[in-house]
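# A predicted structure for the sequence below; I have some questions about it.
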Amino acid sequence: MDQDEKKRRAAAAALEHLGRGGIVGVGTGSTVNFFIDALAGLGRRIEGAVSSSEASTRRLAAHGIRVLDLNEAGELDVYVDGADEATRALHLVKGGGGALTREKIVAAASRRFVCIVDEQKIVERLGRFPLPVEVIPMARSYVARELAARGGDPVWREGCITDNGNHILDVRGLSIADPVAFESELNQLAGVVTVGLFARRPADVLLVGTGAGVVTLERAAGS
């Protein structure tokens, strides 16, 4: 079974976590594209969506799904998004598509975060995938030096301007033993908009598409 089919399985399984008649938060990326396509088949079961990127907004609109501003929608029941890496503790690395800041905002504004991945995204420790860090343009070199001082190898994602008008540094060579603490530390660097670690607000449910079906991992209450 190819990777796309595993992504499609995880995306379809996320439909079971949606309520009826509400507004769903929608992330960004190849697995989420399968989810958006599946979402289109629900018709009026949902009122609309809040999107984390311009790319997802365009895909939702193409399916005739109403896209709302988060300020208008308020708190969301559920947010569905993918990840570039995930652990069994439901800590994530996201931002390969450059939408990490808006993704983090929508995740924070949602009561439940459902993450959809294929089994190749599961790791024992985060850091195999380069960690995206969104930075204010004038702070790029300063933040890069600070990241290097912490053992990383930051590379400017040239030609990439985020939907917020910022730059991204992709940090290679990390082995992140304490994702919550590292996320907090990097968030304090002047000029960092956000970091692609989703550990302080991890996923609540992780749906993993495999050749044998979908494996569901859930975060323990209060963890």
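The structure has been received and is ready for your questions.

# end-to-end on stretch 64-81?
Length of stretch 64-81, first residue to last, C-alpha to C-alpha, to the nearest Å: 20 Å.

# contacts for it?
Counting by C-beta atoms under 8 Å, 6 or more residues apart in numbering, stretch 64-81 makes contact with 14, 17-19, 22-29, 32, 35-36, 39-40, 46-52, 57, 60-61, 94, 103, 105-107, 109-116, all of which sit outside it. Heads up, the C-betas are built off the backbone N, CA and C, glycines and all.

# can you tell me the closest non-neighbouring residue to residue 191?
residue 139 (2.3 Å; C-beta to C-beta, 6 or more residues apart in numbering).

# ok, that neighbour touching residue 192?
Yes - between residue 139 and residue 192 there is a contact under C-beta atoms under 8 Å: 7.4 Å.

# next SSE after the top helix by length along the chain?
What stands out as the longest helix in the chain, according to DSSP state H, is helix 3-14. Following helix 3-14 in sequence order, the next helix or strand is strand 23-26 (DSSP states H and E).

# sheet-wise, list the partners of that following strand with their directions.
strand 48-51 (parallel), strand 76-81 (parallel) (DSSP bridges).

# so which of these is nearest residue 196?
Closest to residue 196 of these is strand 76-81 (C-beta to C-beta; 11.9 Å).

# for that closest one, the distance to its chain's centre please.
Computed by C-alpha atoms, centre = their mean, to the nearest Å, the separation of strand 76-81 from the middle of its chain amounts to 11 Å.

# can you point out the buried residues in that strand?
For strand 76-81, burial by neighbour count (16 or more other C-beta atoms under 10 Å) applies to 76, 78-81.
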